[in-house]
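> after the sequence you'll find the predicted model.
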Amino acid sequence: MHDINHILSVLPHRYPLLLVDRIEEMGEDRIVGIKNVTANEPFFQGHFPELPVMPGVLIIESMAQVGAVLLLTHGPKRGENFADKVVLFSAIEKARFRKPVLPGDQLRIELGVLKRKGNVWKVSARALVEDKPVADAVLMCHVADKTTTARPADAGSASNKEDPAS
């Protein structure tokens, strides 16, 4: 089992977008993570105030974060260093949402590696609440270099460029 300290040491995500609280199982090709869904999650303020439901996109994001823990913990080949890398989505396939996830639920995310080719991974993920499936998807992601992924702060910003008319 890995606690929040391990998760924080591996993932770049932080509140309010850190969506995994604990890793219960982890091997080279399988991982199980937990997301405790509480009533004070910031997304419940607007989704929906009278009927709080965890947005499906955030369930998928929880799956991706659990997968990223696996990839960044067990993914590197001997000699590879993922400290300056980031895991990015490449594709989301076959996403299905079966039941709403509500405040008080504990989301159990089970993920297995289907295929790995270089730094591209394809995984099968499912989320359960009380052993009942609430969502599943096939996700693809790739490992990118943080320095080539980030854009400079002033790139594409018209307000940071000199106005030739002045």
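Arrived safely, thanks for sending. All values reported here derive from a predicted model rather than from experimental measurement. Numbers count the residues shown, from 1 in each chain.

> in the sheet, who's paired with the residue nearest to residue 120 when sequence neighbours are not counted?
Distances taken as C-beta to C-beta, 6 or more residues apart in numbering put residue 142 closest to residue 120, at 4.8 Å, once the chain neighbours are dropped. For every residue, glycine as well, the C-beta is placed using N, CA and C. Going by DSSP bridges, residue 142 is paired in beta bridges with residue 88, residue 120.

> do residue 112 as well
residue 30, residue 124.

> surely residue 31 touches residue 111?
Yes: between residue 31 and residue 111 there is a contact under C-beta atoms under 8 Å: 5.2 Å.

> joint contacts of those two?
66-67, 70 (C-beta atoms under 8 Å, 6 or more residues apart in numbering).

> buried residues, the one helix or strand residue 72 maps to. List them.
Take DSSP states H and E as the rule and residue 72 turns out to sit in helix 56-74. Residues of helix 56-74 classed as buried under the neighbour-count rule (16 or more other C-beta atoms under 10 Å) are 56, 58-73.

> skipping adjacent residues, who's closest to the residue positioned nearest the centre of the chain in space?
A centroid search over the chain (C-alpha atoms, centre = their mean) returns residue 65, at 2.5 Å, as the residue closest to the centre. The spatial neighbour of residue 65 that comes closest, neighbours along the chain excluded (C-beta to C-beta, 6+ apart), is residue 20 at 4.7 Å.

> and residue 53, by the same measure?
residue 100 (4.6 Å).

> I figured the one you found hits residue 55, correct?
No: counting by C-beta under 8 Å, residue 100 does not reach residue 55; the two are 10.2 Å apart.

> list the residues that contact both of those two?
With the criterion set as C-beta under 8 Å, 6+ apart, the contacts of residue 100 and residue 55 do not overlap.

> could you confirm the residue nearest to residue 53 falls within a helix?
No: counting by DSSP: H, G, I helix; E, B strand; the rest coil, residue 100 is not part of a helix but coil.

> quick one: buried residues of stretch 43-53?
Neighbour-count burial for stretch 43-53 [16+ other C-beta under 10 Å]: 43-44, 52.

> what is the helix holding residue 72 packed up against?
helix 4-10, strand 22-26, strand 30-36, strand 85-97, strand 106-117, strand 120-129, strand 132-145 (3 or more C-beta pairs under 8 Å, 6 or more residues apart in numbering; DSSP states H and E).
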